[in-house]
Every structure is written in C-alpha cells, then in structure tokens.
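Colleague: sequence and predicted structure are below.
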Amino acid sequence: MIPAGFAYAAPSTTEAVLALLAERPDEIKLMAGGQSLIPLLRLRLACPDILVDLRHLAELRAVDDLGHAFRVGAMVTHRDVIDSEAARAWQIVHDGGADLADPLVRNRGTFGGSIAHADPAGDWPPIALALNATMHVRSLHGTRTVAADEFFTDLFTTAIDESELLTHIEFAKSAAGDRSAYVKIPHPASGYAVAGAGVVLSVVDGVCRGARIVLTGVASGPVRARAVEDALLGQEITAGVLARAAGWAAEGIGFIGDSYAPEEYRRNLAGVAVRRALQRAVSPNVPDHHQREHRG
Amino acid sequence: MTALHPGAETTLRHQYVGRSVKRREDRRFLTGTGRFTEDIVLTGMLHAAVVRSPFPHATITGIDTSHALAAPGVVAVYTAADFSEEEAGPIVTDWVLPIMDGIPDRYMMARDRVHYVGEPVAVVIAETRALADDAALLVDVDYEGLPVVVDAEQAVQDDAPLVHDRYLQNTSYVWHLGTGDFDEVAAGAEHVFQIRLINQRVHASSLEARVSLADYSPGTDSLTFYLGTQNVHVVRRNLALILNMPEHHIRVVTPAVGGGFGSKLCVYPEDVIVCAASRRLRRPVRWVETRSEHFTGTSGGRDHIEYVTLAADATGKIHAIRVTTYANLGAYVSGMGAGIPSVSGMMFPGCYDIGMADVNIHGVFTNTSTTETYRGAGRPEAAYLIERAIDELAVELGIDRIELRRRNFIRPDQFPYENACGMTYDSGDYEACMDKALQLVGWDERLREIAELRTQGRIVGIGIGVYVEFCGFAEGPLLELIGFDRNSWEQSVVSVSRLGKVTVQVGIDAAGQGHETSIAQIVASELGLDIDDVEVTQGDTDTVHFGTGTFNSRSMSSAGSAAKIAARKVRCKATEIAAHLLEADSGDVVFEDGIFHVRGVPPAAGGLTYTFEEISRIAFRGNDLPAGMEPSLKELGTFDPPKFTAPFGAHVALVEIDPDTGEVSILRYVAVDDCGNMINPQLVAGQVHGGVAQGIGQSLYENLIWDDEGQPATTSFMHYAVPKAHQMPVLEIDHTITPSPINELGVKGIGESGAIGPPPAIANAVMDALRPMGVRHVDMPFTPAKVWAALQDAAR
C-alpha cells in the first residue's frame, strides 16, 4: 500500500526537532533511517500527521570515545557501528551488527532508531540492555538519562516521552576480563530473532564477577535472564558451569508463541541461545558448526 | 513431421542448439531497462484500490460507498451491483472435469457473500494510487459472519459448514483412476503398507506481483489489456467471454514478466475489475497488487492430504497402489485448479512398474484462497507420495531402499510405457539416472560416514527421490475428454524481412525462462544464420496470431518444434529460389555460412553464389521466382505433440539436524535430471537451480497458513519464508540424456523438474536421520520447531 498522507520535515538541528516535538508531540513520528517505520507506514499500521526525518542531524552520527565509555549517536548506521571502535572492543556489538538484517538495511538503519523502535525481537535492544547502556534523551526542557533496565517498558514501547528525542546511547568500554557475545537464532523469513541472547561477563581470575544476560525474541521485549546471572556470579567459569547456568534461561520469563515457534519451542531456544552465547563469549574463536554464517 | 527437403546441413558455426548461448534478455533485466507492466504509463490513467473481505465466510448485509465517493480524487466506487451480468459475467476457467456439477459462480467482486479473506468486495477508482488507497479505507461494508472450514479433510465431514449453499457438500468431485480390485490384490500380498502424507500449501511468490492495466477505446469499441501473464491468448478468449466483447476487439499484451510459476495463467477478479471499469469510465485503469494482496488473493499450489497404500510381495515387488487424496481447491475453482489434483493422480505409480492402481481424488472447497498450477502442478505431489511411501516400505520390509527401487523400476525396454493410471511415458532409463546420482554423491561412502557420525551422536541422514513427470500437454482428444479447455498444439510464424532479418512469432509467453534466446537458437540453427539476425516475438495477441502459453514445461517441445518446422519451410523456399537462380536442381544446392551455391562448385572455385540476404531481396521483389511461387519469405509451422514427454531424474540430499534447535541443514545436494536433448545447457542449469530452490523452500520453509478461524497467518515475507541465497546449499547438478521420440527437438522439458526432486529427497533424508532417534513421521515443511518437537516426543 501507499502510506497515508503526512507532512514531512527534515530539520538540520536537534533543537529544531525538539521545538517541533514540543509544539505537536502527539502528531509526530520520528524517522531515524526508516527501515522499520516505512513498512509500518505502508501497511498503515502507523499514520502520523507529521513525519520528522532525522537524517540531517549530523551531530548524532558519531561514535565518541569518552575515555571510560563509548557514546554512540542515535543516527549512527548499523554499518558504522560495526566499523567502530565499540565493535572492536565489544564482541557483542560486533555480533549484533554483523547479523542484523542485510547490507542494504545496515547501510540505512540506525542504532538509535532500532533502540527507540524497541522491536521485541530486535538485535540492538538486548545488546544495549546487556551492556547496561545509558540512554540520553532530550527535550526542550533539557537532557535526562535513562538506564537500560528502565528503558524498554513493553512491546514497541520505551521510556522516551513523546516530546523527547533519543540522542545518544552510552556504555562502558570493556575492561580486562570482560567477555561478551550475541547469538541469534533467526526466523528464516524475517531474519529477526526467534530467540537471541546477549551476554556480558566480567571474569576476574577465572571467576565470574559480573553477568548481564539478556534474551530477545521470546517475550514482550528484551528481558534479563536473572536466574542465569545468579547461577554464574561468583562461580569459576567452566564449561559445566556455563551449561548449568544456561539451563536457567527460561526461569521467570513470560514466553510468547506463534505458529512458527510455539511457546515451548521458544523456551527451549532461550536455553540454547544463552548457552551458545556464553560459550562464544568465553571462547570466541572456537567455531560452532551450528553457528550460521553472517549474511552479506 | 514435415517431409520437405531441408537443404544442406547447417554448418558448425551456426549450430546454436546445444550450446550455452548467453541469455539475450539478461542485459536489460540486470541493468533495470526491462519493461514490465507497471512501467507502462498511459495518458489519463486512473488507479484502482480493491476493498477486500476481512472475513473468511460472511454474508454482506450492506455496503456504503458514499464517504469514499466524496473523498479527494475519487472518480468512481463500484461494487458488484454496479455491473450487469452482460458487462461482467462469471469468471471463466479452463478446466472443469466432466464429473463436476459445474463450478460455483465467481464474479469480479462478491455479490452477497464472501468466501475467503481477501475476496474483492468493492473497488475505488481514483486519480492516483495513493488517493485510491485512502478512499478504499472509507468504504463501509457490513458483514454477518458464517461458520468456516479451512482444511480439506475436515471440509468433507458431514457436519462441516458448507462453503457454497448451491452444493449439498464441499466435495466438488471425486475423480477415479485405475482399474481392477485393489482389495483382492492386497489380500494376496505379503505386505500391505499405509502412510498419510500432507503436501502443504505453498505460494509462487514471484518477485513481480500481479499488475493489470486496461485501456478501453470507445471510438473503436476495443480494449487493450496489459498484464503479466503466461498466456495472452487464453486471457483474451476468457475476457471476451466474461466481458461479452468480441474477441477480435480485445488485444492482450504482456511485457516482461517477473516470474509466473503457474500463478499467472488464469484470469483473476482484479483483471475483470480494471477492464469493466475502463469500459465504464472510458479511461485507462490500472491495478498494482501489493505483496499482502499477493499472499491472500493470488492462487497458491499443492495443499493435498493423501492416504497411500502399497501392496507388495515378499521380494518387495509392488503389485498395487491405492491412493485417496483430499485436494483443497480453495473457495472457488480457479483456472486449471480443478484439473491439477486429478492429473496428479495419473503419476502416482511414479517410476515403478505397478500393475494396478485404485485412485480416488476428492476436490474440496474450503474458505481459503484458490489453489492453481504451481511449478510442477500435480507431479511434485505424486513424486513425493510414491517416493516417501517406497522409502517407508523399504524400512518395513527390511530391504535396502535403493535395491527396492531397482526391483520395481520400469525397464528401458518397456517404453513407451502406460502406467496403471493411464499415463504413457515416452522414454526413460530410471536406473541409469539413479546410478549416476548415487555415484556423484558417493552413496556407499556417505552411508559409512553417516554410520560413523551417528556413533558420535550426530543426527545425519541421506535420502533419494527418483521422479518421473509429464510435460508438453498433449493428446488433444484426451484433454477434451477430461474437460481441459486449451489446445495442445502450437504454431509459429517465421518471417524474413527484405534485408534478410528474421522474426519468429511464438505463442508462448516467457516469465523469465529465456525464450528469446532458446527459440532464436533453434531458428538460427535451422536457417544457418547468425543468431543476431533472429528476433523472437511473443506476448501480444496483435503480433502473434495464436498460442496457448507457457506452462507444463511445454515451451521448447511444442513452440520450439513449431518454430523449427516454420524455419525449415523458410529454408526450403529460399533453397528453391536459389536453385531457380543457379539453374540447378534444389537437391544440388548447398547453403553454408549464409551462402547458397551449387554442390561441388564452392565460392572459392569461382562458383556463382547468393547470400541469404540476396535471396530475401529477390523473394520480396518477386520478379524472378520459380513459376507459381508466391513472393516473400514467411512460413507457418504447426506442431501438435502426439504424446506427453516424461522427463525424469534422481535427486539426493545429505542432511544434518541440530539436536538443540531442530534445524535441518543440507550438507550436499545432488540433482541428476534427464530432460532429453538440451537446447541451451546454461538455461537448463538455471531452471534446475531455480526449481530446486523452490523445492527446498517447500521442504524446509514454505507453508501458507490459515488459522482455524480462516484468517491467513502468512501475509508477508516477514512470515512466509522463501529460501534466500545464504539458505541455499551448493547444487551439484548433472544429466543423463534420453531424447524424446515425440517432438522435433528430442526435448522433454525442464522448467518444473527442479521443484519436483527436492521434497522427496529431503524428506527421505530427514526421516533417515530421525528414524534412529525413534521418530516415525513428520510432514513438510521440516521447520526447526516441528523437528525439535518430534525429537522430544520420541525421547519421552
């Protein structure tokens, strides 16, 4: 179909976007690459009065090294994230970008767009959550930060207020002993996660001192597998410990199901994805013969 | 065959047949300069948006079009009530079996009741497509829901809701094939084996969806209709009947078509809508299908539930086959939809010499979109059925599956062979073909590897599918007997311009097959000319006088043969003119490297010569021709295939299953196909590659689903998975060549074979892998969730 009619604006400054948002917050849809939004517009599942295209916000297109952290501008494309220092520092960032959609989407779609869209089977939301990222949102009234744990509130819903703009995503640089990975089991049609797991571990002297394990594709949004985290903390990292911990992946999670992947199957995949991600995090160079090759 | 003196042999330089000539079509398709229906923009063109039923079964209690009519840019809003029976009658189909009590009336828009989600109910015609889409949302339709049935086997139960009140049951027909008493044979057999198989609904999913553009000209009361179709003349005839227009006042044109696969053979409701609207409004009207509409409105394929019983003796020799099929026709009978399940039945014995058959095919209405021809159309269902059954029989009998096949194959000395369902196979050597595939994959070595891997806990398996199919729709009298309202013959006109350039008209319509190349190869070879001097014309009822179109892999065997005959006639006439000028007997005239001369007096020896171009000029001038000869060079060739061809092949798949996720990976894929002679081996390879991709799609991914309430669940490429490049294994393809004795070229057809081999090969491999795990049966598609669940069940 053809999208319903809308007014279009493509301001060149963040301030101009914020002014529009302040004026007519409930009539505006922001477009940050459009790789998810345009299909929704065409199916008329989204019918905004005004489409505000963020493409000219050059100030949001950089990945900054803050010394202790990376600050990724919301308009950085998937492609540029993969090519950034952040992806070299964090295996999980590299994995997430490399297996995200196809080259065309990666060249147009953006990191911030994906996170603000909050697709429950998306790739960046679970990674942001696993990295304990801080979201910077701005309105005319100022800037505030939201912790990833408070950011993803429901299906396609975040803590961003309708008068606000997500400007940056900030996460710590990796320290010695940090291990991470993202493993996705994709739907054969859409490429979205039927189940995916992002893991970030802090390993000191062979013992797990920090763990953030996040699932995607299995529930109403990215969700932490806290039982897995608890099973890892304080434990010496061995193959047995990882496998046992992964066995807790489904604990406390409200699974979704559909005709392609019923609830029980997704419950199984959650464990598989977590186990594979943990294995990949601790030994990233060991090829898994089931690990699908990256597309593109 | 035409008994004319063919002149001398074509020299090697001009022998294009059998060579991998590069596709002439590719440059324009790959550089974006192909011209598709949507590329055509006419002055004053209007745009149609179709309002569709959200209900699978409901009575329409009211339609309010007033808000839509008042919307900006809207020119008209029509419902069925706005057109008389004379202006737009029921949609004509091409295949009504004589045992059917007619077919349910299907109009371009539902009259008082809808029968599937997506059925057209109203249409908005506006100045732009966007405005038409906007206004379509304003058409207000009231429905009263009715009970729904979507599964063919449930639809034949006594208490099933009736899809059409006109009939007292949902069974449109029961088609019986075979003779003899199965029970008697079974009573005397040592083994009677039964299996139930589901051949799920799949969808052609062509890259270019459907597009229809109608341009009515009131001054001449004529209609030009552009659309992507596989058969312009069939569309013209059917439109003439539906619209009550003189057939010769209708011109149907199909420009480039971005994939057909059988889904673009019939007349669809939207085709009638744009034609009727253009006639009413006296302006061109175009409709462009969306992908969602494509999934809900365009016909799919397969959707059979089958019960197979084999009766065999202790040696494994199969003496009888019984099959009961429940074939889902959808809510109406579309195009060839009714005939596909019944001709499928004719292939149930497969490659095997089975003495008797008892086949009953139930064609059943449901509240789903229609089924139709889809790449293979009946033969994939048959091959899957017999090849799955024979593998399971081998397990039951404890006989090696390869050996069991050898014991039952039709032997090469039995051809032509009529099977127990009445189908005649022209030629074949199934064992040789199978052996080639076994050798290519290293079957015995693979078996040893698999045994070793299984001791390591890996879930691996290998499977084979040996198929025979039929192509090149033939036997006119038989076709008439089974209610098939199309011709088997093809005609071709080869005409030469005054400057010696050649145009070939063919009645087939390419949807990506490469006819412009392959037909030119045939004609250039026959005329001994450079291929660049030959142009192929197709897809326009004004420039091609008749044709039955591209389907059933018939283009080379029928149109290719007709073109060859026409070219041969042209060559004979040119040779006669040359003989006249050279004052020689035509039997003494040689034509080589584009030059006519007297045998034994070549140009090098100073002999008198004429080029093909000079002969063309003389033929057109008409002043120095043999007595009584008509001027110009233009000949009609006709070919009517006396019998079907029977291509065959053996496909082997080696698979591994991930025990954690249930995902099936294809580690090796070997296809050995026999399509008789090959006009262009590279085009053959392309057909095999594309067909195998679609066969792998059906095996592993594709399934068009409606939920129990009749709502479609797979309406986009987000949900309906066709294999993408990274999901394809490396294909190892080879051939055996058994020429067909029934046509001019010895070809059998290759367009559909690729889609026939994979389902049985992959299913047999998957079951080979799963059987040691205790799994007894899984139906296609072998999705990870389904395979994983089967493994879980078996482990309990």
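Modeller: In hand now; what should we look at?
Colleague: can you name the residue of chain B nearest to chain A?
Modeller: Nearest to chain A in chain B, going by C-beta to the nearest C-beta, is residue B:721, at a distance of 3.6 Å. Using the backbone N, CA and C atoms, a C-beta is placed for each residue, glycine as well.
Colleague: now do that residue: how many residues are near it, please.
Modeller: By other C-beta atoms under 10 Å in any protein chain shown, 23 other residues sit near residue B:721.
Colleague: residues contacting it?
Modeller: Applying C-beta atoms under 8 Å, 6 or more residues apart in numbering or on different chains, we find residue B:721 in contact with A:187-189, B:697, B:701-702.
Colleague: quick check, nearest of those residues to residue B:28?
Modeller: Checking the contacts of residue B:721 against residue B:28 by C-beta to C-beta gives residue B:697 as the nearest, at 27.3 Å.
Colleague: please settle this for me: is the closest one part of a strand?
Modeller: No: Residue B:697 is assigned helix when assessed by DSSP: H, G, I helix; E, B strand; the rest coil, not a strand.
Colleague: so which strand or helix has residue B:89?
Modeller: Residue B:89 belongs to no helix or strand when assigned by DSSP states H and E.
Colleague: tell me the pLDDT of the closest residue to it other than its chain neighbours.
Modeller: Of all residues not flanking residue B:89 in the chain, residue B:242 sits nearest, at 5.3 Å (C-beta to C-beta, 6 or more residues apart in numbering or on different chains). Residue B:242 is assigned 98 on the pLDDT scale.
Colleague: residues near residue B:242, how many?
Modeller: Residue B:242 has 21 neighbouring residues, counting by other C-beta under 10 Å.
Colleague: got a list of what it touches?
Modeller: Each residue near residue B:242 by C-beta under 8 Å, 6+ apart is listed here: B:88-92, B:267, B:272.
Colleague: repeat the analysis, applying 7 Å as the threshold.
Modeller: Residue B:242 makes contacts with B:88-89, B:91-92, B:267, B:272, as judged by C-beta atoms under 7 Å, 6 or more residues apart in numbering or on different chains.
Colleague: then residue B:86?
Modeller: By C-beta under 7 Å, 6+ apart, the neighbours of residue B:86 are residue B:244.
Colleague: out of the contacts of residue B:242, who's the most crowded?
Modeller: residue B:272 (28 neighbours).
Colleague: element containing that residue?
Modeller: Counting by DSSP H and E, the element that carries residue B:272 is helix B:269-281.
Colleague: can you check residue B:446 too?
Modeller: Using DSSP H and E, residue B:446 maps to helix B:443-455.
Colleague: in that helix, which residues are buried?
Modeller: By neighbour count on 16 or more other C-beta atoms under 10 Å in any protein chain shown, the buried set for helix B:443-455 is B:443, B:446, B:450.
Colleague: residues from the stretch 101-250 of chain A in reach of chain B?
Modeller: A:185, A:188-190 (C-beta under 7 Å from any C-beta of the partner chain).
Colleague: isn't residue A:92 up against residue A:197?
Modeller: No: if you go by C-beta atoms under 7 Å, residue A:92 and residue A:197 don't touch, sitting 10.0 Å apart.
Colleague: between those two, which is the more surrounded one?
Modeller: Set side by side, residue A:92 and residue A:197 show more neighbours around residue A:197, with 35 against 32, by other C-beta under 10 Å.
Colleague: so who does the more buried one touch?
Modeller: The contact partners of residue A:197, by C-beta under 7 Å, 6+ apart, come to A:183, A:213-215, A:273-274, A:277.
Colleague: hmm, 10 Å instead?
Modeller: Residue A:197 is in contact with A:92, A:126, A:130, A:181-185, A:213-218, A:225, A:228, A:246, A:249, A:269-278, A:280-281, counting by C-beta atoms under 10 Å, 6 or more residues apart in numbering or on different chains.
Colleague: which stretches of chain A form helices?
Modeller: A:14-23, A:37-42, A:78-82, A:85-89, A:91-98, A:103-108, A:111-117, A:124-130, A:148-151, A:226-232, A:239-246, A:263-282 (DSSP state H).
Colleague: which stretch among those comes nearest residue B:330?
Modeller: By C-beta to C-beta (comparing all of those), the closest turns out to be helix A:37-42, at 27.0 Å.
Colleague: next, the buried residues of the closest one.
Modeller: Neighbour-count burial for helix A:37-42 flags A:37, A:40-42 (criterion: 16+ other C-beta under 10 Å).
Colleague: next secondary structure element downstream of the helix holding residue B:272?
Modeller: Heading C-terminal from helix B:269-281, the first helix or strand you meet, by DSSP H and E, is strand B:285-288.
Colleague: need the three-state assignment for the residue nearest to residue B:89.
Modeller: Under the three-state scheme (three-state DSSP), residue B:242 adopts helix.
Colleague: can you tell me how far it is from residue B:567?
Modeller: For residue B:242, the distance to residue B:567 (C-beta to C-beta, to the nearest Å) stands at 37 Å.
Colleague: same check on residue A:154?
Modeller: Counting by C-beta to C-beta, the gap from residue A:154 to residue B:567 is 69 Å.
Colleague: burial count for residue A:78?
Modeller: Counted by other C-beta under 10 Å, the residues lying close to residue A:78 total 26.
Colleague: does the helix or strand containing residue B:50 reach chain A?
Modeller: Assigned by DSSP H and E, residue B:50 belongs to strand B:46-52. Yes: contact between strand B:46-52 and chain A, assessed by C-beta under 10 Å from any C-beta of the partner chain, occurs at B:47, B:49.
Colleague: list the helices and strands that strand packs on?
Modeller: For strand B:46-52, the elements it packs on are strand B:74-79, strand B:120-126, helix B:129-136, strand B:140-145, strand B:211-217, helix B:269-281, strand B:285-288, helix B:291-297, judged by 3 or more C-beta pairs under 10 Å, 6 or more residues apart in numbering or on different chains; DSSP states H and E.
Colleague: which positions in stretch B:578-587 come out as buried?
Modeller: B:578-582, B:584, B:586.
Colleague: tell me where the stretch 151-296 of chain A has strands.
Modeller: Counting by DSSP state E, counting those that start in this stretch, the stretch 151-296 of chain A has strands at residues A:152-154, A:157-158, A:165-172, A:178-186, A:193-204, A:207-216, A:223-224.
Colleague: C-alpha coordinates for the fifth one, PDB please?
Modeller: Listed next in PDB are the C-alpha coordinates belonging to strand A:193-204 (Å, rounded to 0.1, in the frame of the first residue of the first chain):
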ATOM      1  CA  ALA A 193      15.400 -13.400  16.400                       C
ATOM      2  CA  VAL A 194      13.100 -16.300  17.200                       C
ATOM      3  CA  ALA A 195      15.400 -16.300  20.200                       C
ATOM      4  CA  GLY A 196      18.600 -14.400  20.800                       C
ATOM      5  CA  ALA A 197      20.800 -14.000  23.700                       C
ATOM      6  CA  GLY A 198      23.300 -11.200  24.500                       C
ATOM      7  CA  VAL A 199      25.700 -11.900  27.300                       C
ATOM      8  CA  VAL A 200      28.300  -9.600  29.100                       C
ATOM      9  CA  LEU A 201      30.500 -11.200  31.700                       C
ATOM     10  CA  SER A 202      33.200  -9.800  33.900                       C
ATOM     11  CA  VAL A 203      35.700 -12.600  34.600                       C
ATOM     12  CA  VAL A 204      38.400 -12.000  37.200                       C
END
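Colleague: and it, what's buried?
Modeller: Neighbour counts over strand A:193-204 (16+ other C-beta under 10 Å) mark A:193-203 as buried.
Colleague: run a quick neighbour tally on residue 45.
Modeller: Defaulting to chain A. Neighbours of residue A:45 (other C-beta under 10 Å): 9.
Colleague: actually chain B
Modeller: 17.
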